[in-house]
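1. Sequence and computational prediction follow.
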Amino acid sequence: MRLELGIIKIEDVQFGDETIIGDGTLYVNKKELINLALQDDRLAEADVELARPGEEVRIIPVKDVIEPRVKVSGPGELFPGIIGKMGTVGAGRTNVLRGATLVTVGRIVGFQEGLIDMSGPGAQYSPFSQTNNVALILRPINGLAPHAHEEAVRLAGLRAAVYLGKAGKDVAPDEVEVYELRSVTDASLPKIAYVHPLLSQGLLHDTYLYGVDAKKILPTLIHPNEVMDGAIVSGNCVSACDKHTTFHHMNNAVIKELYRRHGKDLNFIGVIVTNLNVSLADKERSSDYASKLAKLIGADGVVVTNEGFGNPDTDLMMLCKKMEDYGIKTVLITDEFAGRDGASQSLADVVPEADAVVSVGNANEVITLPPMKHIIGDLKPAEVIAGGFDGCLGADGSVKIEIQSIVGSTCQLGFGKLTAQGR
Amino acid sequence: MVKYKVVHYLNQFFGQIGGEEKADIPPLIKEGAIGPGKALQQALGEEGEIVATVICGDGYFADNIDVAAEKVVELISPYKPDVFVAGPAFNAGRYGIACGASCSAVRERLGIPVITAMYEENPGLDLYRKRVYIIPTGDSARYMKEAIPKMAGFVRKLGLGQEIGTPQEEGYFPQGIRVNLFVDRTAAERAVDMLLAKLKGEPFQTEYPMPAFELIPPSPPIEDLRSATIALVTSGGIVPLGNPDRIEAASASKFAEYNIAEVNDLTSDAYETAHGGYDPTYANEDADRVLPVDAMRTLEKEGIIGKLHDFYYVTVGNATSVASCERFGKEIAKKLKAAGVNGVILTST
Amino acid sequence: MVKEIERVGLPVVHVASIVPISLTVGANRIVPGVAIPHPLGNPELSEDEERELRLNLVKRALLALQTEVEKQTVFEE
């Protein structure tokens, strides 16, 4: 499977009469995008606003962030099984509007969404302060049930990303990244696999693999290219800091790093996708199965990431222990919830076998965000989103909030450079 | 040229007032450096000046911790110090606690950096290490010669406003606190490096050492259930519709107490969940699925239990730190015990 | 919270579905719940079946409160 990502560098985003790319700028036809979103009659109102790096803009409440792409050649279509036709993705050429995103905005339940600051002290905590964001603000019809609301917004976001992505179909990319797992001749290189748990816990906590609800899967093998080419879509929201946005899925940092070193100091043998369900029996079953798969494919070592916190810490520890018991060495990537003073127990569950852990930071750290000139969406939910609290909104529009509320601040896919140290 | 002002805390002995017979003296303050403070002053050189020394009897402090700590703050604040240093207390327990408590109060009230020093077995260490920098010393005043330069080095850094590094770098007792910082490599890069080192049998440093959780001995069982009062507590966020006390969906800062004396069943028109970490659909339909009031009432009516306690307690256990839960737990436990409750069913999601 | 209640000498039973977490945080009497969003319920059952399920879980919890334990104990079916 050989995947070429044709990188089209997007340096600016503007409204225009046509949705096209010109000279590194993505032009968006606002009316067309709005009409596209409102094709779903569960949505009553839609609007589009643009946010660029460095602007004094805050986007809140954010549900998902998606990278606009288009499949130029190769089987399948973007987001197969959900928006695109079914087909195995991960081969051929996919053009990427790198530096642009589609952000879905609008209050769904109120607890689980997050925020993005395009400048100021909050900007360094989100990768999306560095991207040109097309914010799609959506309001559902009155009385729409929460499950339907979540689905309508999710699909609208994906469709919008596909629509924007099409602008890149015939554009010559600035560079082409090639992803191919060439066979490794050096038998001394350690065989490394990646175990990738997906959150699958119900409304606003779900993930989809080729359109299948991850709650329903048994752990399975997947080619890293499939992950990089949009096979996994996020329906999860909790919490903003460590939910994998669809953007994060498509740009999985662990896969990129393993690819970078494939054939050099390791042999990247594959990816195992598993889930994070709500019952103890499911957790035992999935961790048993995923660990067994790692053993079956002959992994010497495994990188394990995680999504969410709290009960998923148990899945992480089960995977670690079971693989270590098989003689497979593990390293875990996890965030921490050590309290606002950093003095609390960081994880809900621990095992002594977890002796190699990479931390992506304490999500309870409190930060004061200054007032922004412009809010895309609505500032009021700041007090109820996870990481916010009563009175955290200043009268001047400043927000005192945990970094838990910032989209991507402690993403456990290894994207960022935030960590926590023991003092 | 003096760059920063220091106030020093000593007990009655090192403060040259007297021995155990003077252990009951309340806090007092004197100008300049005294006793070991003189050696400390010499080590600080010209940059730092010990402008005053506050002295208190170990016995007085131990018997009046809060009052004594407040008094220390009051006495030192007119001197407007830049740094507060206490001890070294070596293995003297009451002294160590006094040093820790004074430092903690000064830090909180005056917002200035603080530091103390003691032996690793001093009870003051575990009580105050999270809030105050504590430097390790030997177990008695024999080790004063070694303690002073270490303390001086630290006081100097704090006085000059320099950044304090990790316990390994700077030599203070690990505080058990997690502090965020940005580094120059992504987590993915660090993870793969760590894994390859582990596979090669090379040394590596985990970024999060696994802790050991404390276990409490089990309480004795209920002898006679038929006459017992059982209380319900939940971390699943079950609240009256509208969440009147606004318990947060995550990182809850409070718990609430609600009267269910007249309630036999939690219904969707009166109760909901405030917890943002699980699918709320089922709890909103029927909150008994998280807080089993209906089942408890049935058992009460049948005489299987004596009584369902009139109040239930709720918080949201989503990302809520262990420290907060400990705090809520302590207050809830106090109320339940005072109300004569015999046993508790605590539900979690 | 369970530990603080235990600390004042009141017997407390933790009804939670993720038993490993309950063990890690130090609960001494544990009754496994059904699932995270509904530890004492099962929306797939009829109302009557669900009420019976809940009653049985609560009875097991009360049994745990009446049982002497020396270490952390999970009270399964």
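-> Yep, that arrived. Just so we're clear, the structure is a prediction, and the values are computed from it rather than from any experiment.
2. Kindly provide the distance from the residue nearest to A:Glu307 when sequence neighbours are not counted to A:Ile20.
-> In this structure, A:Glu307 finds its nearest non-sequential neighbour in A:Leu199, 4.2 Å apart by CB to CB, 6 or more residues apart in numbering or on different chains. Using the backbone N, CA and C atoms, a C-beta is placed for each residue, glycine as well. Summarising the geometry, the distance separating A:Leu199 from A:Ile20, computed by CB to CB, to the nearest Å, is 36 Å.
3. Could you pick out the longest helix of the chain?
-> As the question left the chain open, I've gone with chain A. Taking residue count as the measure and DSSP state H as the definition, the longest helix of chain A comes out as helix A:146-165.
4. oops, I was thinking of chain C
-> Chain C, longest helix under DSSP H: helix C:47-65.
5. For that helix, list every residue counted as buried.
-> Of the residues in helix C:47-65, those with enough neighbours to count as buried (16 or more other CB atoms under 10 Å in any protein chain shown) are C:Glu50, C:Arg51, C:Leu53, C:Arg54, C:Leu55, C:Leu57, C:Val58, C:Arg60, C:Ala61, C:Leu62, C:Ala64, C:Leu65.
6. Whether it contacts chain B - can you check?
-> Yes: counting by CB under 8 Å from any CB of the partner chain, chain B has neighbours in helix C:47-65: C:Glu50, C:Arg51, C:Arg54, C:Leu55, C:Leu57, C:Val58, C:Lys59, C:Ala61, C:Leu62, C:Leu65.
7. Sheet-wise, list the partners of the helix or strand following that helix with their directions.
-> Counting by DSSP states H and E, the element after helix C:47-65 in chain order, helix or strand, is strand C:73-74. For strand C:73-74, sheet partners with direction are given as strand C:29-32 (parallel), following DSSP bridges.
8. could you give me the average pLDDT of the strand it pairs with?
-> Mean per-residue pLDDT for strand C:29-32: 96.
9. Make sure B:Lys330 is actually in contact with C:Glu4.
-> Yes: the criterion here is CB atoms under 8 Å, and B:Lys330 meets it with C:Glu4 at 4.8 Å.
10. So these two - more neighbours on which side?
-> Residue environment comparison for B:Lys330 versus C:Glu4 gives the larger neighbour count to C:Glu4, 20 against 16, counting by other CB atoms under 10 Å in any protein chain shown.
11. ranges for the helices of the stretch 301-423 of chain A?
-> If you assign secondary structure with DSSP state H, counting those that start in this stretch, the helices in the stretch 301-423 of chain A sit at A:311-325.
12. Which phi and psi values does residue 22 adopt?
-> Assuming you mean chain A. The main-chain torsion angles of A:Gly22 are listed as degrees, to the nearest 10 and equal phi -140, psi 120.
13. burial measure for it, as a count.
-> Using other CB under 10 Å, A:Gly22 has 13 other residues around it.
14. for it, which residues make a bridge with it?
-> In this structure, A:Gly22 bridges to A:Thr25 when assessed by DSSP bridges.
15. Of A:Leu199 and A:Ile20, give the one with the bigger neighbour count.
-> Of the pair A:Leu199 and A:Ile20, A:Leu199 is the one with more neighbours under other CB under 10 Å, namely 27 against 16.
16. shouldn't the more buried one be in contact with A:Asn277?
-> No: with contacts defined as CB under 8 Å, A:Leu199 does not count as touching A:Asn277, sitting 9.4 Å away.
17. Near the closest residue to chain C within the stretch 51-200 of chain A, how many other residues are there?
-> Using CB to the nearest CB, the closest approach of the stretch 51-200 of chain A to chain C is made by A:Ser200 at 11.5 Å. For A:Ser200, the neighbour count with other CB under 10 Å is 27.
18. what do you get for A:Pro370?
-> Using other CB under 10 Å, A:Pro370 has 16 other residues around it.
19. Who's the closest spatial neighbour of the residue in chain C positioned nearest to chain A, skipping the chain neighbours?
-> With CB to the nearest CB as the measure, C:Ile36 is the residue of chain C nearest to chain A, at 3.8 Å. Once its chain neighbours are removed from consideration, C:Ile36 has its nearest residue in A:Val278; the separation is 3.8 Å (CB to CB, 6+ apart).
20. Tell me who's in contact with that neighbour.
-> Neighbour list for A:Val278: A:Gln201, A:Gly202, A:Asn311, B:Tyr278, C:Ser17, C:Ala35, C:Ile36, C:Pro37 [criterion: CB atoms under 8 Å, 6 or more residues apart in numbering or on different chains].
21. Out of the residues you listed, name the two that are farthest from one another.
-> By the measure CB to CB, A:Gly202 and C:Ser17 form the most distant pair in the contacts of A:Val278, at 13.3 Å.
22. rewinding a little: and of the contacts of A:Val278, the nearest to A:Gly301?
-> Nearest to A:Gly301, judged by CB to CB, of these is A:Asn311 at 26.0 Å.
23. So that closest one is in contact with A:Ala348, correct?
-> Yes: at 6.9 Å, A:Asn311 and A:Ala348 qualify as touching, with contact defined as CB under 8 Å.
24. now the helices for the stretch 1-150 of chain A?
-> Listed in chain order (using DSSP H, counting those that start in this stretch), the helices of the stretch 1-150 of chain A are A:30-37, A:146-165.
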